[in-house]
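Trainee: Build the 3D model from these lines:
(4 chains, ligands or ions: 4)
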Number of protein chains: 2
Amino acid sequence: MSYTKTEENYLKAIYGLESKFGKEVSTNELANKLKTKASSVTDMVKKLAKKELITYEKYKGVSLSKKGKNIAISIIRNHRIWEVFLVEKLHYKWDEVHEIAEQLEHIKSDELVDRLDDFLEHPSFDPHGDPIPDREGNIPVRKQAVLLSELAKGESGILVGVKNTHNEFLQFLEEMNLTLGKKIEVEKVFDFDKSKVIKTSKQTVTISKEVSSFLIIEKINS
Amino acid sequence: MSYTKTEENYLKAIYGLESKFGKEVSTNELANKLKTKASSVTDMVKKLAKKELITYEKYKGVSLSKKGKNIAISIIRNHRIWEVFLVEKLHYKWDEVHEIAEQLEHIKSDELVDRLDDFLEHPSFDPHGDPIPDREGNIPVRKQAVLLSELAKGESGILVGVKNTHNEFLQFLEEMNLTLGKKIEVEKVFDFDKSKVIKTSKQTVTISKEVSSFLIIEKINS
DNA sequence: CAATATTTTTAGACAAGTCTAAAAATATTT
DNA sequence: AAATATTTTTAGACTTGTCTAAAAATATTG
Ligand SMILES: [Mn+2]
Ligand SMILES: [Mn+2]
Ligand SMILES: [Mn+2]
Ligand SMILES: [Mn+2]
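Mentor: Numbers count the residues shown, from 1 in each chain, chains lettered A, B, ... in the order given. Ligands and ions are numbered 1, 2, ... in the order given. Model (predicted):
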């Protein structure tokens, strides 16, 4: 069985919202995420339910079936592997790859992404630090990963991922020289707004609480 | 302006038939090539004409406009560059790449294929020996290219392309060890059916007139 | 050149995915 | 618990690309 691009995008969106909120996904949430209308979502959701990719109860939202979840994860795998390719091999910047990967993730082929994965030597994380599921759907986890917003004065770690992948945010980080792999040390935390002064090898900058809550850090136990 | 996958496939098909027969492309030819029905073609052809991608006169067939031709060529460029990638980098065999390239050729991005072209170091020909148009639409030509069916006893050359890219034919060549780059010498031509005995570095085989008419050879002037 | 065969176009229908507007169900407020 | 607000579903319509069946145009043949 093969699914349409639209069906795949719905499954991926449901997967994302389900993991984020840990409960059934509502029609409006889905409409919002997919930039479509609630009535369109209701229609589509009925189709997906009939195909047993999700369970749907009127007025109660949807959740993925085993089968639906597998498909969603495989699309995410495709997306992230393509992103690695675009950055590592074609030298795109990390804020330029998402739209193209949105298209490439839907290419139908049994082995294309597996071959690409071999070619890229089995990356575990994509250019934004997001984990890449393996062929069986297992998702790598980082132990010791915390948000920069949780670090106290004096603590330090490596920037390994971002929780916000909007282009503007990524470009902002770029300008601040905060790229993946950078070592970051907390020099000071302002009590009144929880903004932080942080130090990298090259510079010292001040970032807001909001920005710090988007940055995933692997702590250095020193 | 951006076009749908279907529109792009129609333009590509028209381009192919136009270059092959050198005259307006008929509704039936197009329907046949695209594995669709004549009535569908008539509908689509009207839409393309309204968009000024082709000129269409009822009952007289279609031909590409300048604009339509540019689009067709750019899709062909995409297709062939992706095929090179699949063979060179992902180690697909030459008979396995066409279907996937059919999908990849439609990925919308201003620079994706140009970056891929850089990455592949600007190949001029694809894995089947077909020329790859450059960004401006110029198509490389091979001087001295002839069909193996035109070579006489004693003449020799390099196999540089195939005129038939059906999987079965490509696999046949593979088994015969007739791959691109191979040197081929005509040992004998049978008068009664124009079949030939040909010699490569490794072996001597007999091939039919039909097969020989699908093989593009660059003559060696010795 | 008239009859016949073939090709092409038209007419009407369908599936996928979307939309607006209205109705129905659920949630929140008083 | 009733009134009101919000969310969700339904009804009907539209677009893209396709199809079948029938009509119209063109091509071939005797
Ligand atoms: Mn997508
Ligand atoms: Mn990513
Ligand atoms: Mn195509
Ligand atoms: Mn090719």
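Trainee: Determine how far stretch A:36-44 lies from the middle of the whole chain.
Mentor: Stretch A:36-44 sits 24 Å away from the centroid of its parent chain (CA atoms, centre = their mean, to the nearest Å).
Trainee: How many neighbouring residues does the closest residue to A:Ala49 other than its chain neighbours have?
Mentor: Among residues not flanking A:Ala49 along the chain, A:Tyr56 sits closest, at 3.9 Å (CB to CB, 6 or more residues apart in numbering or on different chains). Every C-beta, even on glycine, is put in place using the N, C-alpha and C of the backbone. For A:Tyr56, the count of nearby residues is 19 (other CB atoms under 10 Å in any protein chain shown).
Trainee: Test of understanding: give the bridge partners of A:Tyr56.
Mentor: A:Val62 (DSSP bridges).
Trainee: what's near enough to touch it?
Mentor: By CB atoms under 8 Å, 6 or more residues apart in numbering or on different chains, A:Tyr56 lies in contact with A:Val45, A:Lys46, A:Leu48, A:Ala49, A:Val62.
Trainee: ditto for A:Lys60
Mentor: A:Lys60 touches A:Glu24, counting by CB under 8 Å, 6+ apart.
Trainee: what comes up buried for the top helix by length along chain A?
Mentor: For chain A, the longest helix by residue count, based on DSSP state H, is helix A:66-88. The neighbour-count check on helix A:66-88 (16 or more other CB atoms under 10 Å in any protein chain shown) flags A:68-87 as buried.
Trainee: cool, stretch A:27-34 as well?
Mentor: A:Thr27, A:Glu29, A:Leu30, A:Ala31, A:Lys33, A:Leu34.
Trainee: same check, this time on stretch A:196-216
Mentor: Those buried within stretch A:196-216 under the rule 16+ other CB under 10 Å are A:Lys196, A:Ile198, A:Thr200, A:Val205, A:Ile207, A:Val211, A:Ser212, A:Ser213, A:Phe214, A:Leu215, A:Ile216.
Trainee: tell me the contacts of the fifth one?
Mentor: In other words, A:Ile207. A:Ile207 neighbours (CB under 8 Å, 6+ apart): A:Leu148, A:Met176, A:Ser195, A:Lys196, A:Ile198.
Trainee: From ligand 3, how far off is it?
Mentor: Going from A:Ile207 to ligand 3 by CB to the ion, to the nearest Å gives 47 Å.
Trainee: partner residues bridging that residue?
Mentor: Judged by DSSP bridges, the bridge partners of A:Ile207 are A:Lys196.
Trainee: Quick check: closest non-adjacent residue to the spatially most central residue of chain A.
Mentor: By CA atoms, centre = their mean, chain A has its centre lying nearest to A:Asp130, at 5.1 Å. Using CB to CB, 6+ apart and skipping residues adjacent in sequence, the residue nearest A:Asp130 is A:Arg80, 5.9 Å away.
Trainee: before we move on, what about A:Ile198?
Mentor: A:Ile184 (5.2 Å).
Trainee: Can you tell me the SS state at the one you found?
Mentor: Put simply, A:Ile184 is strand when judged by DSSP: H, G, I helix; E, B strand; the rest coil.
Trainee: Would you mind giving the domain segments of chain A?
Mentor: Annotated domains of chain A cover A:5-64, A:145-219 [automatic domain parsing].
Trainee: Show me what the mean pLDDT comes to for stretch A:126-146.
Mentor: Average pLDDT, stretch A:126-146: 96.
Trainee: Could you tell me which residues within it count as buried?
Mentor: A:Asp126, A:Pro127, A:His128, A:Gly129, A:Asp130, A:Pro131, A:Ile132, A:Pro133.
Trainee: show me what contacts the third one?
Mentor: Going back to what we said before, that points to A:His128. Here A:His128 is in contact with A:Glu83, A:Trp94, A:Gly161, A:Val162, A:Thr165, A:Leu170, A:Leu180 (criterion: CB under 8 Å, 6+ apart).
Trainee: repeat for the last one
Mentor: If a contact means CB under 8 Å, 6+ apart, then A:Pro133 has A:Ile73, A:Ser74, A:Ile76, A:Arg77, A:Arg80, A:Ile139 as its contacts.
Trainee: how about it, secondary structure?
Mentor: Taking three-state DSSP, the label given to A:Pro133 is coil.
Trainee: For DNA strand C, see how far away it is.
Mentor: Distance, A:Pro133 to DNA strand C, using CB to the nearest atom of the strand, to the nearest Å: 24 Å.
Trainee: Look up the closest residue to A:Asp118, ignoring the ones flanking it.
Mentor: B:Leu90 (7.9 Å).
Trainee: Wait, a strand at that neighbour?
Mentor: No. Counting by three-state DSSP, B:Leu90 is not found in a strand; it is coil.
Trainee: count of residues packed around it?
Mentor: For B:Leu90, using other CB under 10 Å, the count is 17.
Trainee: so it touches A:Phe119, yeah?
Mentor: Yes. Between B:Leu90 and A:Phe119 there is a contact under CB atoms under 8 Å: 5.8 Å.
Trainee: Can you pull the residues of chain A lying near DNA strand C?
Mentor: Where chain A comes near DNA strand C, counting by CB under 7 Å from any atom of the strand, the residues are A:4-7, A:34, A:36-37, A:39-40, A:43-44, A:47, A:58-59.
Trainee: again, only using 10 Å
Mentor: Within chain A, the residues that sit near DNA strand C (CB under 10 Å from any atom of the strand) are A:3-10, A:26, A:31, A:34-44, A:46-48, A:51, A:57-61.
Trainee: Could you report the distance from the residue nearest to A:Asp118 to A:Asn78?
Mentor: 14 Å (CB to CB, to the nearest Å).
Trainee: go on, A:Ile158?
Mentor: Taking CB to CB, one finds A:Ile158 at 27 Å from A:Asn78.
Trainee: can you check A:Asn167 too?
Mentor: On the measure of CB to CB, A:Asn167 and A:Asn78 end up 21 Å apart.
Trainee: buried residues in stretch A:14-28?
Mentor: For stretch A:14-28, by 16+ other CB under 10 Å, it's A:Ile14, A:Tyr15, A:Leu17, A:Glu18, A:Glu24, A:Val25, A:Ser26, A:Thr27.
Trainee: Turn these into TSV, columns for pLDDT and distance to DNA strand D.
Mentor: Shown next, in TSV, are the buried residues of stretch A:14-28 (pLDDT from 0 to 100; distance: CB to the nearest atom of the strand, whole Å):
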residue	pLDDT	distance to DNA strand D
A:Ile14	98	13
A:Tyr15	98	18
A:Leu17	98	11
A:Glu18	97	14
A:Glu24	96	9
A:Val25	98	9
A:Ser26	98	3
A:Thr27	98	4
